[in-house]
Every structure is written in structure tokens, then in C-alpha cells.
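# I'd like to go over a predicted model; first the sequence, then the structure.
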Amino acid sequence: MSAFWSAVGDGATIAQRNLIKVRRVPDLLVGTLISPIMFILLFVYVFGSAIPVPPGTNYASFLVPGIFAQTVIFGATVTGSGLADDMQKGVIDRFRSLPIAPSAVLVGRTTSDVVTNVLVILIMTATGLAVGWRITTSPLEALAGFALLLLFAYACSWVMAFVGLIVRSPEVFNNVSFIVIFPITFIANTFVPTTNFPTVLRFIADWNPVSAVTQASRELFGNPSLVDTGAAWPLQHPVLYTLVWAFVLVAVFLPLATRQFKRSAAR
Amino acid sequence: MTRALDGVDLDVPEGTVLGLLGPNGAGKTTTVRILTTLLVPDAGEAQVAGVDVLADPQEVRRRIGVSGQYAAVDEYLTGFENLRMIGKLYHLGAARASARARELLELFTLTDAGDRPVKGYSGGMRRRLDLAGALVADPPVLFLDEPTTGLDPRSRADMWELLQGMVRGGTTVVLTTQYLEEADLLADDIVVIDHGHAIARGTADQLKAQVGGERLEIVANDPAQVERVRSALAEVAVGEVEVEPHTRRLIAPVDGGAQTLVRVLSRLDAEGVRLSDAGLRRPTMDDVFLTLTGKRTDETDPAGGTAGPDTTDEQKAGAPA
């Protein structure tokens, strides 16, 4: 067996182990889903009634892609808390004493978190459909939309892996990620168009990759994006901008996380 | 700079069991972490099963089994899934990994619990599963880091029975422990570690001879009579009598066994000295340390063993094939 396939096999074994945990402790998945479902309900039925949208536009079809983006980013945090947890419990030591590919733990972890995110997206899609969100484009474009969301989440997983390995405690990691991700997903076009934001905030929001992912999925699902013709460059080219971000995040954080893994494990 | 290990030099002949005996923070775990490739030392060299640990850690990992102090088993997986996963990661192949997992569950009397998540296992069961994990690939060299620390006496006795069976099978084992009794029971050779230094080595008998046979322990009822107990003990003791004034406890190394106890008790009785407690016991880890270092184990600095990268050591754990 070549080193490459051996590494793939090791990664798959560890991904499988992570997924058994998701199956056995469904609370984890429920925990990931409760807040986005709550957000959909709150925003569609409570705040949504006060958010002005052009006549003929359904606020739910504007909101749901934003919630998708927020949800998969939170879904990616599982990578960090999972690694911190394994580190704390000595499971990483066990793995490191086995003759496995050095990449296996991180590759397995990020892979299983993509699978979890697929599950999460499926359930969120059902929720979106229930509140009146619809896909109006071709199945191929819709698939591209989902794929882009998952790709961006995968890139975020590597950031979370790096942070999780640094903090080494799942509790601390969860607090930190919550504090950072919340503003990032709010200072964006997730819940309202950025048009009426104060100048500085609007600049941040327009160049925020979360806005680009949201905008891209709105386009690919055929949902209203409420972007005017003079919008910032990222909102005009959201797919490209998202791909660049995903690529850069992986290029920077994959090596960083790998180095941190070797270091923390050697402590 | 704290050195977790300094000048520890080990040699374990193939098929024998080396016991690393020492208090918390002595450097036992650091030693094991270096030999199992989890920690890279600043200096020194080590060979495990004939393979250089620093030059070819991956090859070392193929030849060792590790069972850790913190029972690193996955709580959410069943016992079977834990062992099967480890088998797959040793590249046994899926079918062989499953078969081996069942075999080991049987061997460690975990068959009934094998398909339940580990979360519901008792401490003793977790340790057994962790130990089974170390045996999955039938490695020629085993590292057992405090296999019974934190277990209740019954589980400890069960574990000892298991380990004795294993070491009789001729596996080369490095075992760390805080219990002299455990090292005595399982190890061919014992190295006593304190503050990262090897302070004594030999067979259990040799160490005990060094420490002295038994301990006579007496607790006086009245603080005023402690001195009279001390002088009675000094007459029969083969070493120094230790006095703990707060607890009115006196401890003396003796070699006459029960006869000595009877003599001391009848003398004290004749003098009208009243006692709260009296008895003979085997030397403990504490006694070994007191004899070798002049300090009780709880007086040693627990920070010693936690320093990671700034370790210096020279060690060799070779099992020439």
C-alpha cells in the first residue's frame, strides 16, 4: 500500500470515529441546529416584519442563504472543539503512538466535519422550505451553491483546527469562537442588506467573506440579494471572492494547524 | 531551567520487565513519552526494539504498544469500536482488526460490555480496554504508564493478575508505577527515579535489602510518652527511628518480624505506656524514598516531571532482536 493511500485510509478511519460520536451523541447535532432554526423563526416572524424589503420580495428567501452561511461556519467550529477535547483526554497521544500518517488526525477531523455539515445543511434546507424559501435556479446551480457553502466551511475548519490546538480546552474554544464568529456573521449582509450601514461598517461588511458566501448562494439559489448596481466588488463577484478566501484560508491555516499539531502533541 | 530528566540511563533486556518506580513528577512519564516517540528530548539517544527512536519514530511505533495513565480510550465508541479502530490504524486490515478486537475483548473479560459505549464503563474496565489497545498489534515491546493508578484495590488486584499473565508470555515491558508492591510483583528490574535522576536500581529483593525488611509502626496514646516509645523502638531498630510528633506515630525498620513486635509491646506494657495502634508492615514506596533520599515522597517537588522540551537525558531501552 502506497504512503498516499495509507494516509487516506488512516484519515478515513479517524473521520469514521468522529462520525460515530455524532451518531451516538445526537445532542451535539441538535445543539448545532437549534440556534440557526431559532434565528430563522425569529427573523422571519419577529424582526422580518420590521425589515423593509421591496414589494414582491419574500424576506425569508433573502434570509435563508445568510443563515446557511452562518450555520456552516458554526458547524466548522466542531473541528476546533473536537481537537481540543481529544487533546485534553489523551486520545491524540494514543493516535500519535500508532504508526499512522502524520496528517491523519487533522485530515480525518476536517473531513468528518464536512460530512456533519452536509447533514446540517439538509436539515436547514428543510427548515428553509418550511418558512417559504425556494430555490428558483437549475439543480446544477443549486448544487453549486451548496458546494460553495461546504467548501467555505471546510476552509474555516482549518482555522478552527489551528485555534483549537492552541487553546487545548473545548470550553475555552467554544467561548472564543462564539465571541469571534457572532460579530463576523452579523456585520455582513446575512440578515439585512448592507446599503444603510454606516460607511465604515458597510465597508467591512461588503468585504467580509461571510457576505460574499451569502451573496453567492443567493445568486446560485436564485434568491433576492437586494444589492444595487454600485455595490462593492466582492458583492459583484461573490463566487470568485469566496473561492479566493477559501483557498487562502486553507493555504495559510493547513500548514499552521499541522505545525501546531506536531508542537502541541510533543508537549 | 528545570530538567525533567537528567542522565537517566536504562537498559531493558529482551523479554524482561523494567519497573520505573517514583513519586508523581519524578520523570517516569517523561521517560515513557520519549521512548514512545511522543516527546523529543533535547539530548540523548534511545533505541526501542533495536530501532532508533529519534531517527525513525514511525518504525518504533510499529513495534510498540502503549497504555497510558489517563486511559486514552474514546468514550463515545464501544469497546469493540475502540479496538477495531486501533487495529485499522496499525494497518491490520478491516477483517483482521475486527477479529483481533473480539479476541482481546474476550481475553480481558470485556465481551459482555464490548458493544456498549465506553462512557458507561467503570475505571477498571477502561484500564483493561486501554491495555487491550496496547496489545492489538501484538507488539514486541510494551509501555505501561501507571497501569493501576487510581484503581480501587479489587480492580488493581485484577489488573495485576492480567499483567502477570502477560509478562510471563515473554513480552518486553517498561512499566511505571508509584507502588513498590506493583514493581515487586511485575518487574524483573527496578529503577527508582526521583527529580529526573535514577537514584537506585536493582531487583526488588536488592532494593528491599537496601531499604530494610519490615517496619514497626506504633502510635502512642499520650504525647508525653512518645519519648519512651522511641527509646523502646531504638533498641530493636536496625536503622533510625522516625518520629512524627503531631500524630504521635513512630516508625522503625526492624528485622525480627512478629517476635520483635511482641518484645516491644510487652516492654511498653510493663512500663505502663498506653498505645493507640501498633503493627508490622512491609516497606512502602515512602520508606524506599525516605531511605534513599532522606525525604518522604510528598516532600519532593511535583513540578519536576512536567517540564517538556528542556529535558536532557541519555537512555537506551534496547531489545536486540
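Yep, that arrived.

# Next to chain A, which bits of chain B? Give me the list.
For chain B, the residues found near chain A under the criterion C-beta under 8 Å from any C-beta of the partner chain are B:36-40, B:58-59, B:61-62, B:64, B:66, B:68, B:70-77, B:81, B:85-86, B:88-91, B:117, B:133, B:308-309. All C-beta atoms are positioned from the backbone trio N, CA, C, and that covers glycine.

# Please pick the buried ones from those.
Among the residues of chain B next to chain A, the ones that count as buried by 16 or more other C-beta atoms under 10 Å in any protein chain shown are B:36-39, B:59, B:61-62, B:64, B:66, B:68, B:70-77, B:81, B:85-86, B:88-91, B:117, B:133, B:308.

# Now, the residues you listed that are in strands?
B:64, B:66 (DSSP state E).

# tell me the contacts of B:Val219?
Neighbouring residues of B:Val219 by C-beta atoms under 8 Å, 6 or more residues apart in numbering or on different chains: B:247-250, B:275-278.

# what's the domain layout of chain B?
B:17-208, B:214-281 (automatic domain parsing).

# Only alpha carbons, please: show stretch B:10-22 as CSV.
Only the C-alpha atoms of stretch B:10-22 are listed here, as CSV (Å, rounded to 0.1, in the frame of the first residue of the first chain):
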residue,chain,number,x,y,z
LEU,B,10,18.1,2.4,31.0
ASP,B,11,18.7,-0.9,29.5
VAL,B,12,15.9,-3.5,29.2
PRO,B,13,17.0,-6.9,28.0
GLU,B,14,14.5,-8.6,25.6
GLY,B,15,11.7,-10.5,27.4
THR,B,16,12.2,-8.8,30.7
VAL,B,17,10.1,-6.2,32.6
LEU,B,18,11.7,-3.0,33.8
GLY,B,19,9.8,-1.1,36.5
LEU,B,20,10.3,2.6,36.8
LEU,B,21,9.4,3.5,40.3
GLY,B,22,9.0,7.0,41.5
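
# one step back: in helices, which of the buried ones among the residues of chain B next to chain A fall?
Among these, the ones falling in helices (DSSP state H) are B:59, B:61-62, B:81, B:85-86, B:88-89, B:133.

# Dump those residues to JSON lines, plus pLDDT.
Below are those laid out as JSON lines (pLDDT from 0 to 100):
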{"residue": "B:Glu59", "pLDDT": "92"}
{"residue": "B:Arg61", "pLDDT": "92"}
{"residue": "B:Arg62", "pLDDT": "92"}
{"residue": "B:Glu81", "pLDDT": "96"}
{"residue": "B:Met85", "pLDDT": "96"}
{"residue": "B:Ile86", "pLDDT": "95"}
{"residue": "B:Lys88", "pLDDT": "95"}
{"residue": "B:Leu89", "pLDDT": "94"}
{"residue": "B:Gly133", "pLDDT": "93"}
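
# how close does A:Pro193 get to A:Leu41?
Separation of A:Pro193 from A:Leu41 (C-beta to C-beta, to the nearest Å) stands at 21 Å.

# Which of those two has more residues huddled nearby?
A:Pro193 (20 against 14; other C-beta atoms under 10 Å in any protein chain shown).

# Okay, strands next: where are they in the stretch 1-150 of chain B?
Along the stretch 1-150 of chain B, the segments classed as strands by DSSP state E, counting those that start in this stretch run B:17-21, B:47-48, B:51-52, B:64-67, B:141-145.

# quick revisit: show me just the buried residues among the contacts of B:Val219.
B:248-250, B:275, B:278.

# Need those in a markdown table (columns: secondary structure and pLDDT).
Output for the buried ones among the contacts of B:Val219, formatted as a markdown table (DSSP: H, G, I helix; E, B strand; the rest coil; pLDDT from 0 to 100):
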| residue | secondary structure | pLDDT |
| --- | --- | --- |
| B:Arg248 | coil | 90 |
| B:Arg249 | strand | 91 |
| B:Leu250 | strand | 91 |
| B:Leu275 | strand | 88 |
| B:Ala278 | strand | 89 |
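
# From these, pick the one nearest chain A.
Each of the buried ones among the contacts of B:Val219 was checked against chain A using C-beta to the nearest C-beta; the closest is B:Arg249, at 37.8 Å.

# Please list the residues of the stretch 101-250 of chain A that sit near chain B.
So far as C-beta under 8 Å from any C-beta goes, the stretch 101-250 of chain A lies against chain B at A:Ala104.

# residue of the stretch 101-250 of chain B with the smallest distance to chain A?
Counting by C-beta to the nearest C-beta, the stretch 101-250 of chain B gets nearest to chain A through B:Pro117 (6.1 Å).

# Would you mind measuring from that residue to B:Asn221?
Remark: distance between B:Pro117 and B:Asn221 (C-beta to C-beta) = 53 Å.

# what comes up buried for the longest helix belonging to chain A?
Identified as the longest helix of chain A according to DSSP H is helix A:59-89. If you call a residue buried by 16+ other C-beta under 10 Å, then helix A:59-89 has these buried ones: A:59-87, A:89.

# How far off centre is it?
Mean-position distance between helix A:59-89 and its chain equals 5 Å (C-alpha atoms, centre = their mean, to the nearest Å).

# now do stretch A:244-261
15 Å.

# Please export the C-alpha coordinates of it as CSV.
Taking Å, rounded to 0.1, in the frame of the first residue of the first chain, the C-alpha atoms of stretch A:244-261 are listed here in CSV:
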residue,chain,number,x,y,z
VAL,A,244,-10.2,33.1,-3.2
TRP,A,245,-10.9,33.3,0.5
ALA,A,246,-11.3,29.6,0.8
PHE,A,247,-8.1,29.0,-1.0
VAL,A,248,-6.2,31.5,1.1
LEU,A,249,-7.5,30.2,4.4
VAL,A,250,-6.5,26.6,3.6
ALA,A,251,-3.1,27.7,2.2
VAL,A,252,-2.4,29.6,5.4
PHE,A,253,-4.1,27.5,8.1
LEU,A,254,-3.4,24.0,6.9
PRO,A,255,0.3,24.3,7.4
LEU,A,256,-0.2,26.4,10.6
ALA,A,257,-2.5,23.8,12.1
THR,A,258,-0.2,21.0,11.1
ARG,A,259,2.8,22.6,12.7
GLN,A,260,0.7,23.4,15.8
PHE,A,261,-0.5,19.8,15.9
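
# Quick one: mean pLDDT for it?
Stretch A:244-261 comes out with an average pLDDT of 95.

# What are the buried residues along that stretch?
A:245-246, A:249-250, A:253-254, A:256-258, A:260-261.

# Show me the shaky parts of the stretch 151-267 of chain A.
A:265-267 (pLDDT under 70).

# Correct me if wrong: A:Thr194 contacts A:Ser211.
Yes: if you go by C-beta atoms under 8 Å, A:Thr194 and A:Ser211 touch, sitting 6.9 Å apart.

# Output stretch A:15-29 in PDB with nothing but the alpha carbons.
Coordinates of each C-alpha in stretch A:15-29 appear next as PDB, following Å, rounded to 0.1, in the frame of the first residue of the first chain:
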ATOM      1  CA  ALA A  15     -13.200  10.500  10.300                       C
ATOM      2  CA  GLN A  16     -15.400   7.400  10.800                       C
ATOM      3  CA  ARG A  17     -14.600   7.500  14.500                       C
ATOM      4  CA  ASN A  18     -15.600  11.200  14.700                       C
ATOM      5  CA  LEU A  19     -18.900  10.400  12.900                       C
ATOM      6  CA  ILE A  20     -19.700   7.600  15.300                       C
ATOM      7  CA  LYS A  21     -19.600  10.200  18.000                       C
ATOM      8  CA  VAL A  22     -22.100  12.400  16.100                       C
ATOM      9  CA  ARG A  23     -24.400   9.500  15.700                       C
ATOM     10  CA  ARG A  24     -24.100   8.400  19.300                       C
ATOM     11  CA  VAL A  25     -24.500  11.800  20.900                       C
ATOM     12  CA  PRO A  26     -27.200  13.400  18.700                       C
ATOM     13  CA  ASP A  27     -27.400  16.300  21.200                       C
ATOM     14  CA  LEU A  28     -24.300  17.700  19.500                       C
ATOM     15  CA  LEU A  29     -26.000  17.900  16.200                       C
END
